[in-house]
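**Q** Sequence first, predicted coordinates after that:
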Amino acid sequence: MAWVLRGLREGIVTTRYPKKADDYGASFKASVSVRAAATTPSPDVTGPVPSTLCPTLAIEERTGEVVIDRGRCILCGRCVEARPDLFAFEPSPEVASLDRAGLFVPEGRESDEELARLRAELRVRVRALRRSVHVRHVDAGSDGAEEWEVAALTNPVYDVQRLGIFFTASPRHADLLLVTGAGSAAMTEPLRTTYEAMPDPKIVLAAGTDSISGGLLCPSYATRNGIGSTVPIDVFVPGSPPSPFSLLHGILLAVGLLPERGAR
């Protein structure tokens, strides 16, 4: 009886995302962006050299501009704290990309033709998956942070089942392979076996910075610097860890139910 009364008191807690924007999701600091001033740095501003601030070497200094690789960024915030004139947290969970090059900011570095080709190819592959998607999750050497966010997708707040997204224990029943972790050497063969056991069409989603590039564990004798050398990645979801909203956005993007952020 207690849970019935609590339910009546609290009402519906399930998010309306993606039909409506969610205030909590929109306020989550899911990525670091480069301020416009970074392309024309002022000589009056002093501070640490940007490329020395990142423990995962996600910051590059190129001719006349500073570039961040979100696929390597672990959201530690060192760059934002040391150089607020150049970097800032961006409060949006919709950070997934169909192209590895799309994780570099400033945005727009990827080829329009290549992005259009990737979209068209994925659209054809997932045409039959839009009503029901079964997800197989594989931990390929994670530190456990991403697993908490993946597990949250099934709670009453996110309730991914309402969108026709279900987790399955068997790769033979799965449409989408959601992988977390840096791609440890011990998980290389099990991950490849899981991928090969899935029926076509199948999609691979790299969840978190570790699975995309290896994160803090890269380079390491025990990892493959992400999962890209083991299985082909269709959708990249950066973050350390990515929030449940970021993961949900990546899944919906993978099956063609959402436009990619900044799509032209």
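**A** Sure thing, it's come through. Given the structure is predicted, the values throughout are model-derived calculations rather than measurements. Numbering: from 1, shown residues only.
**Q** Low-confidence bits of the stretch 101-250 of the chain, can you list those?
**A** For the stretch 101-250 of the chain, applying pLDDT under 70 flags the ranges 107-131.
**Q** quick one, helices of it?
**A** 112-125, 145-152, 188-197, 209-213, 244-254 (DSSP state H, counting those that start in this stretch).
**Q** P232: which of those is closest?
**A** helix 188-197 (8.4 Å; C-beta to C-beta). Heads up, the C-betas are built off the backbone N, CA and C, glycines and all.
**Q** what sits against A207?
**A** 146, 149-150, 178-180, 237, 241-242, 247, 250 (C-beta atoms under 8 Å, 6 or more residues apart in numbering).
**Q** for those residues, which one is nearest S132?
**A** For these, the nearest to S132 is L178 (15.7 Å; C-beta to C-beta).
**Q** Outline the domain layout of this protein.
**A** Here the domain parsing of the chain from automatic domain parsing is 31-90, 100-254.
**Q** Ends of the last one, what's the gap?
**A** The reference is to domain 100-254. When the termini of domain 100-254 are compared using C-alpha to C-alpha, to the nearest Å, they are 14 Å apart.
**Q** Quick one: distance of that domain to the chain centre.
**A** In this view, domain 100-254 has its centroid 8 Å away from the chain centroid, taken as C-alpha atoms, centre = their mean, to the nearest Å.
**Q** re earlier: of the contacts of A207, which is the most crowded?
**A** Most neighbours among the contacts of A207, by other C-beta atoms under 10 Å: V237, with 33 neighbours.
**Q** re earlier: of all the domains of the chain, which lies closest to A21?
**A** Among the domains of the chain, domain 100-254 comes nearest to A21, with 10.1 Å by C-beta to C-beta.
**Q** Count the neighbours of I68 for me.
**A** I68: 24 neighbours (other C-beta under 10 Å).
**Q** Quick one: residues contacting it.
**A** Contacts for I68 (C-beta under 8 Å, 6+ apart) come out as 32-34, 58-60, 79, 87, 104-105.
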